[in-house]
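Engineer: mind looking at a prediction? Sequence and model below.
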Amino acid sequence: MKKITIKKPFVFEWDEGNKEKNVKKHKVQNSESEEIFANDPILLEDIFHSHKEKRYLAYGITDKKRQLTISFTLRGENLDKIRIISSRDQDKKEKELYQKLKKGVTNKNEEKND
């Protein structure tokens, strides 16, 4: 799994077909999906679903501490627009992965500050 970074400020591009899908299917509001990106998520390439276009995964938390997994792609001339494909609650394995990766990031940041 390769980590990625996205330039700020974040711009979101919503596909009309997916815009309400996450609300109906997973009970995740679009605003919650967007919050993940502002709350220091773990961003990884999605090597299993990147056949036609590069896809990525975001593991993170909303402002209300809801843990979500988001599948997305980058659009625009400079790949500066986030297009969310799917957003749902993290399952048990994803929660464990998120905690493990988050702890690794925190430890690396602490090492830099020493």
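Structural biologist: Yep, it's here. Numbers count the residues shown, from 1 in each chain.

Engineer: quick check, central residue of the chain?
Structural biologist: Nearest to the geometric centre of the chain sits Ala58, at 2.0 Å (CA atoms, centre = their mean).

Engineer: shouldn't that residue be in contact with Phe37?
Structural biologist: Yes - between Ala58 and Phe37 there is a contact at 6.6 Å, judged by CB atoms under 8 Å. The way it works is simple: take the backbone N, C-alpha and C, and place the C-beta from them, glycine included.

Engineer: does Ile82 touch Trp14 like I think?
Structural biologist: No - Ile82 lies out of contact with Trp14 (CB under 8 Å); the separation is 9.6 Å.

Engineer: ok, the two, which is more surrounded?
Structural biologist: Ile82 (23 against 15; other CB atoms under 10 Å).

Engineer: list the beta-bridge partners for the more buried one.
Structural biologist: With DSSP bridges as the criterion, Ile82 is bridged to Phe12, Leu74.

Engineer: helices of this protein, start to end?
Structural biologist: 16-19, 21-26, 30-38, 92-113 (DSSP state H).

Engineer: so for Phe72, which of these sits nearest?
Structural biologist: For Phe72, the closest of the helices of the chain is helix 30-38, at 8.6 Å, according to CB to CB.

Engineer: any idea how far that closest one is from the middle of the chain?
Structural biologist: 8 Å (CA atoms, centre = their mean, to the nearest Å).

Engineer: who are the contact partners of Gln90?
Structural biologist: Contacts for Gln90 (CB atoms under 8 Å, 6 or more residues apart in numbering) come out as Tyr59, Gln67, Leu68, Thr69, Tyr98.

Engineer: any idea of the pLDDT on Glu35?
Structural biologist: According to the prediction, Glu35 has pLDDT 95.

Engineer: you'd agree it is up against Thr62?
Structural biologist: Yes - counting by CB under 8 Å, Glu35 does reach Thr62; the two are 4.6 Å apart.

Engineer: ok, back up a step: which two among the contacts of Gln90 are spaced furthest apart?
Structural biologist: So, the contacts of Gln90 by CB to CB: farthest apart are Leu68 and Tyr98, at 9.7 Å.
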